[in-house]
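> need a structure here:
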Amino acid sequence: MKNLSIVLNAVLLVAVVALFIIVFSNGTSKEETAQKEKSEIVQDYPIAYINTDSLLINYEYARFLNEELLTKEESSRADFNERLKVFQDDMRSFQRKVQNNGFLNLERAQNEERRLRQKEQELQELNNQLSNDLMRQQNQMNQELRDTITNFLEEYTQKHPFKLVLSNTMGDNVLYANEALNITNSIVDELNARYQESENK
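Purely as a prediction, here's the structure:
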């Protein structure tokens, strides 16, 4: 009986020691394993991704181009709204004259109505033209940014081990990726440094 008790105590002591070793080594090994996995993933698979939304928000040149486009849009819209206001005033004046028999004859009223219809058509054409111009400028801006980033990435990947860089816009293209593959901040920092350098020249 006494021997059984000693054996049980010894087994329990070994189990407790083993449990302590497992618990305490697990915490550090998990962190080490996670760090090792991150570095292994980048080394083993030379793939990275850029969060495009974040890049465009933080890239100073993209913000500059966007503000420039917004300024042009506001200016053209203000000009259009001013012309629209003049047209609306003319329409109200015409309607008042018609209601108060302000025209000397029917021919003058018809001429004024034709003039206003022509003006309305010109305003519609101007609105379409402004929208098309803004869309064209937006496309040019997007193409310029795409070219700038693509050209930069060609140089960047010569210095870094990446063979493939994906674009991730609002989680569309990359559904899951280890955070070690996200090079957005590094790209933004280098692009901004390059932009500042060109601005200072």
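> The longest helix seen in the chain - what's its average pLDDT?
Longest helix of the chain, by residue count under DSSP state H: helix 106-159. The average pLDDT within helix 106-159 is 92.
> Please apply the same query to stretch 174-191.
Stretch 174-191 comes out at a mean pLDDT of 88.
> so what's Phe80 up against?
Contact analysis of Phe80 by Cβ atoms under 8 Å, 6 or more residues apart in numbering lists 123, 126-127, 130. To be clear about C-beta, it is placed using only N, CA and C from the backbone, and glycine gets the same treatment.
> For it, which three-state class applies?
helix (DSSP: H, G, I helix; E, B strand; the rest coil).
> hang on, the earlier thing: now, which of the contacts of Phe80 sits nearest Tyr59?
Of all the contacts of Phe80, Leu130 has the smallest distance to Tyr59: 27.3 Å, by Cβ to Cβ.
> And for the closest one, the neighbour number?
16 (other Cβ atoms under 10 Å).
> what's the answer for Asn105, then?
Asn105 has 8 neighbours, counted by other Cβ under 10 Å.
> From Arg96, how far off is it?
Counting by Cβ to Cβ, to the nearest Å, the gap from Asn105 to Arg96 is 17 Å.
> Over to Ser54?
Counting by Cβ to Cβ - Ser54 and Arg96 are separated by 56 Å.
> Tell me which of these two has more neighbours.
Ser54 (16 against 10).
> Quick check: closest non-adjacent residue to that one.
Spatial nearest neighbour of Ser54, excluding adjacent residues (Cβ to Cβ, 6 or more residues apart in numbering): Thr184 at 5.2 Å.
> Repeat that for Asp133.
Ser76 (7.3 Å).
> do Gln138 as well
Spatial nearest neighbour of Gln138, chain neighbours left out: Leu69 (6.4 Å); criterion: Cβ to Cβ, 6+ apart.
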